[in-house]
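Visitor: got a predicted model here, sequence first, then my questions.
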Amino acid sequence: EIKHGRLAMLAAVAWPTQEIFNPILTDALGLKDALAASGGASPSLLNGGLFQLEVLPAVLLFAWGSSKLERSDLDTRGQLGLKWNEYANGFG
């Protein structure tokens, strides 16, 4: 639960931050505005932004990185002889 809570906190900060800084950075670097198709809103399932071709590589990279991190965590738990949710036993 701690891991998912931290991920949610990062998402809560990143969502408005990318909407604020994306126009500034794209103008400064001369890049295409990936948020233009969604009216400047962060890409999500709600506004159709995840279906933009510019966003797809980032979504795939995030999914791949998340799966590698989770696999690493499960391997470490296995090496320590811990069961799947043994970390949380002291919290509940």
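Guide: Sure thing, it's come through. As the structure is a prediction and not an experimental result, all values here were calculated from the model.

Visitor: just the element for the most centrally placed residue in the chain, please.
Guide: Among the residues of the chain, F62 comes closest to the average C-alpha position under Cα atoms, centre = their mean, at 5.9 Å. Assessed by DSSP states H and E, F62 sits inside helix 56-79.

Visitor: and that helix, what does it pack onto?
Guide: Using 3 or more Cβ pairs under 8 Å, 6 or more residues apart in numbering; DSSP states H and E as the contact criterion, no secondary-structure element is in contact with helix 56-79. Placement of C-beta: from N, CA and C, glycine included.

Visitor: circling back to that earlier point, quickly note the distance from the residue nearest to the centre of the chain to A11.
Guide: Distance, F62 to A11, using Cβ to Cβ, to the nearest Å: 11 Å.

Visitor: likewise D73?
Guide: Summarising the geometry, the distance separating D73 from A11, computed by Cβ to Cβ, is 19 Å.

Visitor: kindly report the same for H4.
Guide: Distance of H4 to A11, computed by Cβ to Cβ: 10 Å.

Visitor: can you map out the helices along this structure?
Guide: 2-29, 56-79 (DSSP state H).

Visitor: out of these, nearest to A41?
Guide: Counting by Cβ to Cβ, A41 lies closest to helix 2-29 out of the helices of the chain; the figure is 6.5 Å.

Visitor: buried residues, that closest one. List them.
Guide: Buried residues in helix 2-29, counting neighbours by 16 or more other Cβ atoms under 10 Å, are found at N22.

Visitor: many thanks, I have nothing further to ask.
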